[in-house]
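In: here is a sequence with its predicted model. Questions after.
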Amino acid sequence: MTSKFSTIIAALVLAFLAIYLAAEARTVAGAISDILGFKWKHMELVLRILALASLVMTIHVIELQWPEVIAHFEEIVLALLLALMTLVSFTQVVARYGFNTGWGGALEFTRLLFAWMILFGMNYGVKIGSHLGVDAGIRLFPPKIFRILAVFGALCGVLYACILISADWLQIFGIHTRGGAIAYWTLNFRTGIGLDDLRYPDIIQHLFGTKERVQRWIVYLVLPTGLAFFAFRCLQAAIAIIKGEREMMIAAHEAEDLVAENKDALKD
């Protein structure tokens with residue numbers, strides 16, 4: 001138990017260091033360039049990717065130590081996000097139509113909750129294999145070809161996430177693209193731009209000397225980290241398919257199974 005606890009503490013420290021490295025990658029890249037005596041234009045991007053990879057591996061280490069804790073954590077987070085969205089929307093309707101008042105930041109708050117729920121949900125969906133898909137075409141192939149195509153589909157998910165995280169690496173192949181979740185989050189971190197309607201309570205502003213509006217980089221941190229974790233979950237699925245522990249990344253036959261299980265329900 002002590003060794004597990006020590007591993008968790010070390011993993012959390014590594015997670016905070018990874019977030020700091022992602023935020024201060026330009027400064028760190030400049031320091032490394034000064035030490036090495038040359039400047040590499042992709043140094044900053046590589047450091048941010050390494051930071052995200054470290055963050056994902058940190059979560060993976062915790063998951064290996066306490067798999068049930070991570071599973072319950074994901075379920076609880078998704079349930080809380082959905083409950084908060086419902087509660088805020090309901091109270092806002094009552095306040096506006098019943099008392100002619102309301103919270104100015106309610107709409108922005110529910111939008112952000114929805115974004116968080118999407119990113120958490122798509123990762124959890126890949127993990128438990130609940131994403132729906134159409135597999136009628138690839139099931140026409142022999143089992144070996146079917147498995148290759150299933151692995152290819154999972155790797156496409158990895159590629160999709162990597163492009164959204166940062167499209168700068170595509171320049172290696174001569175594709176002139178820039179930007180992505182890392183660049184967008186870094187821009188918000190450097191500028192310190194606040195959200196449109198979400199503001200800190202007055203007591204928080206007085207106690208900690210914070211700005212009036214909640215900074216965008218705080219709530220947008222889920223964008224690069226969520227996509228990085230999505231890439232990791234897709235890679236996990238690909239490895240599981242190769243090992244034969246999993247058939248596909250999607251749940252294409254879920255509807256057919258439900259129909260088969262309940263075909264005699266009406267007769268009873």
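Out: Done, it's in.
In: all contacts plus neighbour counts: C-alpha atoms, from now on.
Out: OK.
In: ok, now which ones touch residue 129?
Out: 248, 249, 250, 251 (C-alpha atoms under 8 Å, 6 or more residues apart in numbering).
In: confidence-wise, which of those residues comes last?
Out: On pLDDT alone, residue 251 ranks lowest of the contacts of residue 129, at 71.
In: how close does it sit to residue 36?
Out: 50 Å (C-alpha to C-alpha, to the nearest Å).
In: same question for residue 246.
Out: 46 Å.
In: who touches stretch 199-216?
Out: With C-alpha under 8 Å, 6+ apart as the criterion, stretch 199-216 contacts 105, 188, 189, 192, 193, 194, 195, 196, 197, 198.
In: ok, stretch 164-173 next?
Out: Contacts for stretch 164-173 (C-alpha under 8 Å, 6+ apart): 45, 163, 176-183, 224, 227-228.
In: show me where the chain has strands.
Out: Counting by DSSP state E, the chain has strands at residues 194-199, 213-215.
In: comparing these, which comes out most buried?
Out: Highest mean neighbour count of the strands of the chain: strand 213-215, a mean of 19 (counted as mean count of other C-alpha atoms under 10 Å).
In: per-residue confidence averaged over that one?
Out: Mean predicted confidence for strand 213-215 is 89.
In: strand partners (parallel or antiparallel) of it?
Out: strand 194-199 (antiparallel) (DSSP bridges).
In: chain center to the strand it pairs with, what's the gap?
Out: Distance, stretch centre to chain centre, for strand 194-199: 22 Å (C-alpha atoms, centre = their mean, to the nearest Å).
In: convert the C-alpha atoms of it to CSV, please.
Out: Only the C-alpha atoms of strand 194-199 are listed here, as CSV (Å, rounded to 0.1, in the frame of the first residue of the first chain):
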residue,chain,number,x,y,z
GLY,A,194,-10.5,36.0,-19.5
LEU,A,195,-13.7,34.3,-20.4
ASP,A,196,-16.6,36.5,-21.6
ASP,A,197,-19.1,36.1,-18.7
LEU,A,198,-17.5,33.8,-16.0
ARG,A,199,-16.1,35.9,-13.2
